[in-house]
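**Student:** Predicted structure and sequence below. I'll ask about it afterward.
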Amino acid sequence: APGAAMIAVDIGASSGRVIVGRLGPGGAGRPGRLEMEIVHRFPNGVTEIDGTLHWDARSLQREVTDGLKAAAAVVRESGERVVSIGIDTWAVDYGLLDADGELVGPPHAYRDGRTEPVIDRVHAAIAPERLYAIGGLQFLPFNTVYQLAAEPDLAGLRALMIPDLLAYWLTGAERTEETNASTTALFDAREVAWSAEVFEAIGVPQVFADLIAPGEAYGTLLPEVAAETGLDPDVRVVAVGSHDTASAVAAVPAEDREFAYVSSGTWSLVGLELDEPVLTEASRRANFTNERGVDGTIRYLQNVGGLWLLQECTRTWAEEGRERPLADLLAAAAALPAGGPVVDANSPEFIAPGGMPARLRAAVESDGGTLAAAGAAAASADAGAVDAEQAATVRCIMDSLAAGYAASLRQASELSGKRPEVLHIVGGGSQNALLCQLTADATGLPVLAGPVEATAQGNLLVQARAAGLLTGGLAELRAAVAADPVRYEPAGS
Ligand code: ADP
Ligand code: LRH
C-alpha cells in the first residue's frame, strides 16, 4: 500500500505554514517518529480597516489552498497518499456567517480594543467569579465572551472559530473544535459543552456550531476544493487540537509528566499540564487559565506578553529606517550586563499594536528606571549596526519575559501543587538562545529548547492517531515527536 501522508495547516498570529508529515520507520519495537516537510510558508498579521483590527480570512483561505496544492504535488511525486488534513490557528477569534453561509466581513482581531466598553456590562450580567467557575479561564479583555457581547447585531448569524472556518471552507461542515471552544469563556469546562447560562446571561444567541473533539472528522473535501488543490475528494479534514497552544503542548517532547512548558511565539504561554482544572478563588485572583488540551488534559497557564513585544519593536524600527537583523539585535542584547530594567510583560498595556519602543520606555521610566535613549551613541561606528537604544530595549524585553515566566511558573506550582523539574520551550522562540538561557537562570530549571514546529507536530500526531498510524495516549504520541532539544542549565547550578 502507498505510504500515508498527512497535511498540517498551522497558522500563528505572525506566520503560517503548510506541512506534509509522515511517520518514519520505527526500530526495535519502537514506533517511528514524525518526519516533516514544509511545503508552503506565508506571513500573517492584523490589518487595520477603518480604525478596527481584522484578520484577512480570505487571504488565509487562499494561502491554505496554495499550501494544499503544493502538498498534493509533493505527495503525488513521492507516490504516497494523503489521508487527512488538520488545521490549527490562534484562539478566541471567530468569523460570522450569514444565512447563506457567506462570511460577514473580515473577522475581528483580538488585539482590537472594541471589547473595552462592554467588559463591565458582561461582569454585571455574570460575575467574574461565576464565569471562572464555569469556564476556568483567565481574564483577558479579548476572550470571545467579550467580543460576542461587543457585536452590534447577531440576529440570523452563525459563528465559527478561525480554524473551524477554514475547515468549513474545505468541507462545508460547521463544527466547533473543543480545545478552542474552551478559550471562549462560553464553554463549560467540566461538562465539555456550551454554557447556556453564559449565553443567556450576556443576552447573546448561541451562535456557535456543535462541538467536535480532536481526532473526529469534520468531513471530506468539497468537490471544488479537491479539483482546485489536486487532492482526492475522499481526503478527510480531521479535528486536531485546533487551538495552536493545545497542539504545541501535545508535542512537548517530555519523557514524563513533571514538566513545565513555554509555548513561545507571538505569545508566551507559560504553565503546567494537569489532569483536573484548578478553579479556586486563589487561582482566579492570580488569573490562571484552565484551557482544554488534547485527550481532556488541562493547560494551567498564563499568557505572558511574548515575542509580540519584539515583533512590534522591529516593525517600528523598520518603519523608521532602522531595521536590523534579528540575530544582530539579540547578539547586541546578549552583550549587555544582567540586572537591567524589567517591565510587566503580562500587562494589558502591551496588547495593542504600535509605538512599542516608546511604550516600553514609558513603562521602565514610570518604575523609576532608564533605557538608553533613542539616538544614543551607536554601539559601533557602523551605521548599519544595532544602536544603544535597540540593544537596551531588546535586552529589557528578554529580561522581562524571563522574569515573567519565572513568576508565572512559581505561582502555577503553588496553586496546583505540582513541582516541575524541567522546562520545555517550544515554538519559534525556542531558537532564541538568549531568552532560553535567561529563562533557565530566572526559573532555576534546566531548559530544553525545541522543537520549533511543535504546533504542527501536535497537529500531525492527532491526525496520525486518527488514521491508526499511532496508538495510545499523549505519552505515546509524544514519543513520536521529532526533537533534538538544546539544553540550557541555570546559572550557578
Ligand atoms: P506564532 O505561531 O505566534 O506566529 P512562532 O512560533 O512562529 O509564532 O514564533 C515566531 C517568533 O519566533 C518570532 O517572533 C521570533 O521572535 C522568533 N524566531 C523566529 N526565528 C528565530 C531565530 N532564528 N532566532 C530567534 N528567534 C526566532
Ligand atoms: C497563541 C494563542 C494563545 C491565545 C492567543 C489569542 O497563538 O492561541 O494561546 O491566548 O493566541
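**Tutor:** Looks like it arrived, so ask away. Numbers count the residues shown, from 1 in each chain. Ligands and ions are numbered 1, 2, ... in the order given.
**Student:** Kindly spell out which helices and strands sit in contact with the helix or strand of the chain with the lowest mean pLDDT.
**Tutor:** Lowest by mean pLDDT, DSSP states H and E among the helices and strands of the chain is strand 47-49, with a mean of 93. Using 3 or more Cβ pairs under 8 Å, 6 or more residues apart in numbering; DSSP states H and E, the elements in contact with strand 47-49 are strand 52-54. Using the backbone N, CA and C atoms, a C-beta is placed for each residue, glycine as well.
**Student:** So for the residue of the stretch 1-150 of the chain found nearest ligand 1, what's the nearest residue that isn't a sequence neighbour?
**Tutor:** Across the stretch 1-150 of the chain, no residue is closer to ligand 1 than Gly12, which sits at 2.0 Å (Cβ to the nearest ligand atom). Leaving aside its sequence neighbours, Gly12 sits nearest to Gly265 (Cβ to Cβ, 6 or more residues apart in numbering; 5.2 Å).
**Student:** mind listing what that neighbour touches?
**Tutor:** Applying Cβ atoms under 8 Å, 6 or more residues apart in numbering to Gly265 gives the contacts Gly12, Ala13, Ser14, Asp244, Gly306, Leu307, Gly427, Gly428, Gly429, Thr455.
**Student:** hmm, back to that, got the contact list for the residue of the stretch 1-150 of the chain closest to ligand 1?
**Tutor:** Gly12 sits in contact with Asn44, Thr89, Trp90, Asp244, Gly265, Thr266, Gly428, Thr455, where contact means Cβ under 8 Å, 6+ apart.
**Student:** Keep the residues you listed, but drop any that are not near ligand 2.
**Tutor:** Trp90, Asp244, Gly265, Thr266 (Cβ under 6 Å from any ligand atom).
**Student:** And the third one, how far from ligand 1?
**Tutor:** If you measure Gly265 against ligand 1 using Cβ to the nearest ligand atom, to the nearest Å, the figure is 3 Å.
**Student:** Could you report the pLDDT at that residue?
**Tutor:** Looking at Gly265, its pLDDT is 97.
**Student:** Next, give phi and psi for it.
**Tutor:** phi -140, psi -130 (degrees, to the nearest 10).
**Student:** The last one too?
**Tutor:** Backbone geometry at Thr266, expressed as degrees, to the nearest 10, gives phi -60, psi -50.
**Student:** Go ahead and confirm it touches Glu312.
**Tutor:** No: counting by Cβ atoms under 8 Å, no contact exists between Thr266 and Glu312, whose distance comes to 9.9 Å.
**Student:** Name every strand pairing with the least confident helix or strand of the chain and say which way it goes.
**Tutor:** According to DSSP bridges, strand 47-49 forms sheet pairs with strand 52-54 (antiparallel).
**Student:** The strand it pairs with near ligand 2 at all?
**Tutor:** No: counting by Cβ under 6 Å from any ligand atom, ligand 2 has no neighbours in strand 52-54; the shortest distance is 12.7 Å.
**Student:** how many neighbours does the closest residue to Ala286 other than its chain neighbours have?
**Tutor:** Computed as Cβ to Cβ, 6+ apart, the closest residue to Ala286 that is not its neighbour in sequence is Gln411, at 5.3 Å. Using other Cβ atoms under 10 Å, the number of residues around Gln411 comes to 18.
**Student:** re the thing from before, reformat the ones next to ligand 2 among the contacts of Gly12 as a markdown table; add distance to Phe208.
**Tutor:** Below are the ones next to ligand 2 among the contacts of Gly12 laid out as a markdown table (distance: Cβ to Cβ, whole Å):
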| residue | distance to Phe208 |
| --- | --- |
| Trp90 | 17 |
| Asp244 | 19 |
| Gly265 | 25 |
| Thr266 | 24 |
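**Student:** which pair in these spans the largest distance?
**Tutor:** Farthest pair in the ones next to ligand 2 among the contacts of Gly12 (Cβ to Cβ) is Asp244 and Thr266. Separation: 9.7 Å.
**Student:** For the two, list the residues in contact with both.
**Tutor:** By Cβ under 8 Å, 6+ apart, the residues touching both Asp244 and Thr266 are Gly12, Trp90.
**Student:** Taking the stretch 151-300 of the chain, what residue is nearest to ligand 2?
**Tutor:** Taking Cβ to the nearest ligand atom, the stretch 151-300 of the chain has Thr245 as its residue nearest ligand 2, at 3.7 Å.
**Student:** From the chain's centroid, how far away is the helix or strand encompassing that residue?
**Tutor:** With secondary structure defined by DSSP states H and E, Thr245 is part of helix 244-250. Computed by Cα atoms, centre = their mean, to the nearest Å, the separation of helix 244-250 from the middle of its chain amounts to 7 Å.
**Student:** neighbouring contacts of that helix?
**Tutor:** Contact partners of helix 244-250, identified using Cβ under 8 Å, 6+ apart, comprise 10-12, 88-91, 179-180, 214, 240-241, 261, 263, 265, 269, 273, 291-294, 297, 299, 301, 426-427, 454-459, 461-462, 474, 477-478.
**Student:** now with 7 Å?
**Tutor:** 10, 12, 88-91, 179, 240-241, 261, 263, 269, 273, 291, 293-294, 299, 426-427, 454-455, 458-459, 461-462, 474, 477 (Cβ atoms under 7 Å, 6 or more residues apart in numbering).
**Student:** cool, and stretch 275-291?
**Tutor:** Against stretch 275-291 from outside (Cβ under 7 Å, 6+ apart): 129, 132-133, 136-139, 182-183, 189, 243, 245, 297-302, 411-412, 415-416.
**Student:** now, which of the residues you listed lie within strands?
**Tutor:** Ile298, Arg299, Tyr300, Leu301, Gln302 (DSSP state E).
**Student:** and the first one, what is it in contact with?
**Tutor:** When contacts are counted by Cβ under 7 Å, 6+ apart, Ile298 touches Leu274, Asp275, Glu276, Pro277, Asn290, Arg292.
**Student:** try it again with 10 Å
**Tutor:** Ile298 sits next to 136, 182, 189, 271-278, 289-292, 416 when contact means Cβ atoms under 10 Å, 6 or more residues apart in numbering.
**Student:** which two from those end up farthest apart in space?
**Tutor:** Ser182 and Ser416 (17.4 Å).
**Student:** coming back round to it: ok, of the ones next to ligand 2 among the contacts of Gly12, which come out buried?
**Tutor:** Trp90, Asp244, Gly265, Thr266 (16 or more other Cβ atoms under 10 Å).
**Student:** What is the nearest of the residues you listed to Asn143?
**Tutor:** Among these, Trp90 lies closest to Asn143 (Cβ to Cβ), at 13.0 Å.
**Student:** For the closest one, which non-adjacent residue is closest in space?
**Tutor:** Of all residues not flanking Trp90 in the chain, Ala13 sits nearest, at 5.1 Å (Cβ to Cβ, 6+ apart).
**Student:** isn't the one you found right next to Trp55, touching?
**Tutor:** Yes: using Cβ atoms under 10 Å, Ala13 is in contact with Trp55, at 9.0 Å.
**Student:** show me where the stretch 301-450 of the chain has strands.
**Tutor:** 422-426, 447-449 (DSSP state E, counting those that start in this stretch).
**Student:** one step back: between the contacts of Ile298, which is closest to ligand 1?
**Tutor:** Nearest member of these to ligand 1, counting by Cβ to the nearest ligand atom, is Glu291, at 15.8 Å.
**Student:** Just the element for the closest one, please.
**Tutor:** strand 289-292.
**Student:** which SS state does the closest residue to Pro141 other than its chain neighbours fall under?
**Tutor:** Distances taken as Cβ to Cβ, 6+ apart place Thr115 nearest to Pro141, at 5.3 Å, with adjacent residues excluded. Under DSSP: H, G, I helix; E, B strand; the rest coil, Thr115 falls in the helix class.
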